[in-house]
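> whatever this is, show me its structure:
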Amino acid sequence: MARPTLEFIFWDVRHGAACYIHTPNGRHMVVDLGIGSYGNNKPFSPLLHLKNTWGVKQLDYVVITHPHRDHMDDIFNFDELTPKTLRHPGYLSKEEIVAGNKGDDSDIVEEYMRIHNRFTEDISPGSAFDGTASEHWGGVQMSFFATPACNRKYLNNHSIVSIFKYADSKIIIPGDNEPESWKMLIEKGRFLDAAKNCDILLAPHHGRKSGYCPELFEAIGKPYLTVISDGPYCETSATGNYGAQSRGWLVHYPDDSSERRLCVTTRKDGVIHVRAYYGGDGKPKLIVRAQKGSAGAQ
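As a prediction, the model looks like this:
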């Protein structure tokens, strides 16, 4: 008999972000809509993969952390899975979003605004689609945070931070939050209560130095493992910084080998699969698998 499990799939979408979440009671969630490569670097839409390969007919919840292209390139396939609920920084105006994107991204911005205009109803606290009522999500406790007081010229700092807790494991998925946003968040007691002692952190802003905030780790502690959704390594990468802030966790590979890692990156490890559940002995389990091995990598 299958154990109720909270699963995360961090897709390899190059220098973008896309995560699929399957809850213990069979609900389907997505955080961000990046597109990229899969297998032999073929063009890859996570949404179409969910529909056509995995048979997902509808998404219960979508989070678009913030309206930048690398987080919503797959938005033209949004309606293929008829999402029930969308959480996004809806307080941003079209003018602010246009100003924060490149001119050649106008088609994606227009599609985002079209969808935004359909999801105008506030998500009622405690409702089935709020996300914070764990009984609707198989016992998963979810919390969402944003910093609307940040300067709106910088859309990165308006990224939604999603926190998931299940089977004594805690996973944090931010967007492209930079220090201004993090410093504002760690002043909030509710955020600290939700984020402290996390097990796995998705590095903000694809592991770039611009998203690295030492004060965050001073406030919430060091995760066991940092996941980085990134493209080719560049001089702005802060993988070493995140490695220094991580405690290490066992990562399993397809050849049945495993090793203790501080960071895993989609550019080296491909798709990252995380599972949290209670084992047959009643103890919590947190299993991390990488699509391909990276022996000796940080």
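> residues in contact with L47?
By Cβ atoms under 8 Å, 6 or more residues apart in numbering, the contact set of L47 is V30, L33, D74, N77, F78, E80, L81. Every residue, glycine included, has its C-beta placed from N, CA and C.
> which non-adjacent residue is nearest it?
N77 (4.2 Å; Cβ to Cβ, 6 or more residues apart in numbering).
> repeat that for E111.
Computed as Cβ to Cβ, 6+ apart, the closest residue to E111 that is not its neighbour in sequence is I75, at 5.1 Å.
> same check on N156?
What sits nearest to N156 in space, not counting adjacent residues and going by Cβ to Cβ, 6+ apart, is D176, at 3.8 Å.
> for P223, same thing?
Nearest one to P223, counting by Cβ to Cβ, 6+ apart, is L201 at 4.3 Å.
> so where's the stretch 1-150 of the chain uncertain?
1, 37-42, 121-132 (pLDDT under 70).
> can you pull out the helices in it?
Secondary structure of the stretch 1-150 of the chain (DSSP state H, counting those that start in this stretch): helices located at 46-52, 94-99, 106-118.
> surely the residue nearest to L47 meets F44?
No: look at N77 against F44 with Cβ atoms under 8 Å: they stay out of range, at 11.3 Å.
> residue contacts, H66?
Applying Cβ under 8 Å, 6+ apart, we find H66 in contact with H88, P89, L155, N156, H158, S159, I160, G175, D176.
> F10: which of those is nearest?
Using Cβ to Cβ, G175 is the member of those that sits closest to F10, with 13.7 Å.
> now the closest one: how far from L286?
Using Cβ to Cβ, to the nearest Å, G175 is found at 23 Å from L286.
> show me which of the two is the more surrounded one.
Ranked by neighbour count (other Cβ atoms under 10 Å), G175 and L286 place G175 first, with 29 against 21.
> need the pLDDT of G240.
On pLDDT, G240 comes in at 94.
> that one: which element?
In the assignment (DSSP states H and E), G240 maps to helix 239-244.
> so which elements touch that helix?
For helix 239-244, the packing partners by 3 or more Cβ pairs under 8 Å, 6 or more residues apart in numbering; DSSP states H and E come out as strand 225-228, strand 263-265.
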